[in-house]
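Peer 1: What follows is a predicted structure for the sequence shown.
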2 protein chains.
Amino acid sequence: MTNDDSDKKDDFELQHFLPFLLNQAAEESSLDFQRVYKNRYGMLRTEWRVLFHLGVFGQMTAKEIGARAKIHKTKISRAVRKLEQRRYLTRTRHQDDRRVEWLTLTPAGKTVYHELRGIAEQYDAKLANLFSTDEAALLRRMLRRLAAMD
Amino acid sequence: MTNDDSDKKDDFELQHFLPFLLNQAAEESSLDFQRVYKNRYGMLRTEWRVLFHLGVFGQMTAKEIGARAKIHKTKISRAVRKLEQRRYLTRTRHQDDRRVEWLTLTPAGKTVYHELRGIAEQYDAKLANLFSTDEAALLRRMLRRLAAMD
DNA sequence: GCTTGTTAGTTACAAAAACAACTATTATTC
DNA sequence: GAATAATAGTTGTTTTTGTAACTAACAAGC
């Protein structure tokens, strides 16, 4: 215990604490976009993330998606089931290793992906527009560094 | 639909999408610290946030904490109850408006706050150390801007 | 001063997340 | 090649969150 016990205002600045700031910014920056995939497409965050990964990378396995986006396998499993029920993706067993299944977007899934992708790009541009081009680029680099994706 | 329907890799860069990057960075950057207040003090994120607010600002109401940290009142309510059960804070009814209650840390609560605060400061320094001083300052400014806390 | 509206905080119920245990299949080892 | 371990994915149970409805106290209008 390094401080006195009075009831006075302390000098630690919570809004300087990086994990707090990152969480606030992340939450706020997801809100508008979340509304789109949630209200318009009835999707959860994990679901659109899976959808996006498949849209971007084509055929993938659940495990690959989980590793890349750091999502737990049970969340992936349930998201995949939902997306399958909505006919946005199909599964096919891997021939050589029948534990594995390849996930692929259906045409309907691709349509939704492209729609959401367009909205995502616009939204990203809107956010990046708060800063100069250089600043935005630096921000992305720093975030990737913090997420250890570099 | 702006793209073709092939199964090839798409060119949208998920790891460039700001909400995604922010979420990854926020999650990753919270992990180590979360382990401390979770495993060592049995606290949830909302609980330590409430604790920190009280530690920093002294006496506050649930509403004030919620407004400042953008936490929903039901979450605050539950966190306050937990912290009260652990004897980290006490409530006293406001005289002039008996709907309101002032929250204050107990000595035990203050002790925990100071311990966690020290760890938080170290941890923040470790994160900020990934960047130059200027970069770190810019990062915080940008995050505050994104969270619209400016 | 009584009806109507607001506000601070709580509670109840539904949705989602976390964690552990499970099945089915492949890999390893003796 | 049978026994054991490891892996991909699923299912079940417990926590935690989100949402809406609630209580108690105050405020405003008439």
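Peer 2: Sure, I can see it. Numbers count the residues shown, from 1 in each chain, chains lettered A, B, ... in the order given.

Peer 1: give the contact list for residue A:113.
Peer 2: Residues in contact with residue A:113 (C-beta atoms under 8 Å, 6 or more residues apart in numbering or on different chains) are A:51, A:52, A:54, A:55, A:105. Yep, even glycine has a C-beta here, placed from its N, CA and C like the rest.

Peer 1: If you could redo that for residue A:142, that was the one I meant.
Peer 2: Remark: with contacts taken as C-beta under 8 Å, 6+ apart, residue A:142 is in contact with B:130, B:131, B:135, B:139.

Peer 1: need those residues in TSV with distance to residue A:30, can you?
Peer 2: Compiled in TSV, the contacts of residue A:142 are given as follows (distance: C-beta to C-beta, whole Å):
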residue	distance to residue A:30
B:130	23
B:131	24
B:135	24
B:139	18
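
Peer 1: out of those residues, which is most surrounded?
Peer 2: Ranked by neighbour count under the definition other C-beta atoms under 10 Å in any protein chain shown, the contacts of residue A:142 are headed by residue B:139 with 26 neighbours.

Peer 1: before we move on, back to that, out of the contacts of residue A:142, which one sits closest to residue A:76?
Peer 2: Using C-beta to C-beta, residue B:130 is the member of the contacts of residue A:142 that lies nearest residue A:76, at 29.1 Å.

Peer 1: Touching, the closest one and residue A:146? I think so.
Peer 2: Yes: here residue B:130 lies in contact with residue A:146, judged by C-beta atoms under 8 Å, at a distance of 6.8 Å.

Peer 1: Spell out which parts of chain A neighbour DNA strand C.
Peer 2: Listed as neighbours of DNA strand C in chain A under the rule C-beta under 7 Å from any atom of the strand: A:44, A:45, A:46, A:72, A:74, A:75, A:96, A:97, A:98, A:99.

Peer 1: And the second one, how close does it get to chain B?
Peer 2: Applying C-beta to the nearest C-beta, to the nearest Å, one obtains 9 Å for the distance of residue A:45 from chain B.

Peer 1: what about that residue, how many neighbours?
Peer 2: 17.

Peer 1: Which helix or strand contains the residue of chain A found nearest DNA strand C?
Peer 2: Among the residues of chain A, residue A:98 lies nearest to DNA strand C; the distance is 3.4 Å by C-beta to the nearest atom of the strand. No secondary structure element spans residue A:98, as it lies outside all helices and strands (assigned by DSSP states H and E).

Peer 1: Now it: phi and psi?
Peer 2: When read as degrees, to the nearest 10, the backbone of residue A:98 gives phi -80, psi 10.

Peer 1: Please tell me how far it sits from residue A:92.
Peer 2: Shown here: residue A:98 relative to residue A:92, a distance of 11 Å by C-beta to C-beta, to the nearest Å.

Peer 1: who's more crowded, those two?
Peer 2: residue A:92 (11 against 8).

Peer 1: Any buried residues in the helix ranked longest in chain A, and which?
Peer 2: In terms of residue count, the longest helix belonging to chain A (DSSP state H) is helix A:107-128. Burial within helix A:107-128, assessed by neighbour count using 16 or more other C-beta atoms under 10 Å in any protein chain shown, is assigned to A:109-110, A:112-117, A:120, A:123-124, A:127-128.

Peer 1: export those residues to a markdown table and tack on pLDDT?
Peer 2: What follows is the buried residues of helix A:107-128, written out as a markdown table (pLDDT from 0 to 100):
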| residue | pLDDT |
| --- | --- |
| A:109 | 96 |
| A:110 | 96 |
| A:112 | 96 |
| A:113 | 96 |
| A:114 | 95 |
| A:115 | 95 |
| A:116 | 95 |
| A:117 | 94 |
| A:120 | 94 |
| A:123 | 94 |
| A:124 | 95 |
| A:127 | 95 |
| A:128 | 95 |
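
Peer 1: Residue A:13: which of these is nearest?
Peer 2: residue A:127 (24.4 Å).

Peer 1: Leaving out the residues flanking it, which one is nearest to the closest one?
Peer 2: residue B:18 (4.8 Å; C-beta to C-beta, 6 or more residues apart in numbering or on different chains).

Peer 1: Look up phi and psi at that neighbour.
Peer 2: phi -60, psi -50.

Peer 1: One more: residue A:104?
Peer 2: The phi and psi values for residue A:104, taken as degrees, to the nearest 10, are phi -140, psi 140.

Peer 1: about what we covered before: would you write out the PyMOL command that picks the buried residues out of the residues of chain A next to DNA strand C?
Peer 2: The buried residues among these can be selected in PyMOL (16+ other C-beta under 10 Å) with this line:
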select buried, chain A and resi 44+45+46+75
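
Peer 1: give me the subset of the residues of chain A next to DNA strand C touching DNA strand D.
Peer 2: Intersecting the residues of chain A next to DNA strand C with the surroundings of DNA strand D, defined as C-beta under 7 Å from any atom of the strand, gives A:74, A:97, A:99.
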